[in-house]
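> Give the three-dimensional model of this entry:
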Amino acid sequence: MDSNGAASGISIIIGLIFVVIAFIPYVLIIKKAGYSGWWVLIAFVPVVNFIMLWVFALARWPVEERAAGMGAEKVF
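Numbers count the residues shown, from 1 in each chain. Below you'll find the predicted structure:
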């Protein structure tokens, strides 16, 4: 393997590490909202990711549903 191939492989590995690190907070936020953390994978699907962003933003979250069932006031 020449030096360009090795550098390219290292760049891909470093890029994947940064992607994983960047998506960890998104998974945690989605889980706190009451959804499955797997929903973060929708970010890799063009157009659908934009639509789902709006769906998550405007939908009533499961956490809000549970709080309303316990008599809690709506915070937002």
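> rest of the way, CA atoms for contacts and neighbours
OK.
> Now the residue nearest the centre of the chain. Its backbone dihedrals?
Of all residues in the chain, the one closest to the mean position by Cα atoms, centre = their mean is V40, 3.1 Å from it. Phi and psi for V40, reported as degrees, to the nearest 10, are phi -60, psi -20.
> quick one: contacts for the spatially closest residue to it that is not a sequence neighbour?
Residue nearest to V40 in three dimensions, not counting chain neighbours: V27, with 6.0 Å by Cα to Cα, 6 or more residues apart in numbering. Shown in contact with V27 (Cα atoms under 8 Å, 6 or more residues apart in numbering): 37-40.
> Could you rerun that using 10 Å?
33, 35-41 (Cα atoms under 10 Å, 6 or more residues apart in numbering).
> Show the pLDDT at it.
On the pLDDT scale, V27 is placed at 90.
> which sections of this structure are below the confidence cut-off?
1-3, 71-76 (pLDDT under 70).
> Relative to the whole chain's centre, how far out is the longest helix along it?
Assignment by DSSP state H gives helix 3-32 as the longest helix of the chain. In this view, helix 3-32 has its centroid 14 Å away from the chain centroid, taken as Cα atoms, centre = their mean, to the nearest Å.
> and the angle from whatever helix or strand comes next after it to helix 3-32?
Following helix 3-32 in sequence order, the next helix or strand is helix 48-58 (DSSP states H and E). For helix 48-58 against helix 3-32, the angle by axes from the mean of the first three to the mean of the last three Cα atoms, to 10 degrees is 30 degrees.
> Need the contact partners of helix 48-58.
Residues from elsewhere that reach helix 48-58 (Cα under 10 Å, 6+ apart): 30, 33, 35, 39-43.
> can you rerun that using 7 Å?
In this structure, residues lying in contact with helix 48-58 by Cα atoms under 7 Å, 6 or more residues apart in numbering are 42-43.
> export it as PDB, just CAs?
The C-alpha trace of helix 48-58 is given here as PDB (Å, rounded to 0.1, in the frame of the first residue of the first chain):
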ATOM      1  CA  VAL A  48     -36.500  12.300   5.000                       C
ATOM      2  CA  ASN A  49     -34.100  13.700   7.700                       C
ATOM      3  CA  PHE A  50     -35.500  17.200   7.100                       C
ATOM      4  CA  ILE A  51     -39.100  16.000   7.200                       C
ATOM      5  CA  MET A  52     -38.500  14.100  10.400                       C
ATOM      6  CA  LEU A  53     -36.800  17.100  12.000                       C
ATOM      7  CA  TRP A  54     -40.000  19.000  11.600                       C
ATOM      8  CA  VAL A  55     -42.100  16.000  12.800                       C
ATOM      9  CA  PHE A  56     -40.000  15.700  16.000                       C
ATOM     10  CA  ALA A  57     -40.200  19.500  16.500                       C
ATOM     11  CA  LEU A  58     -43.900  19.800  16.200                       C
END
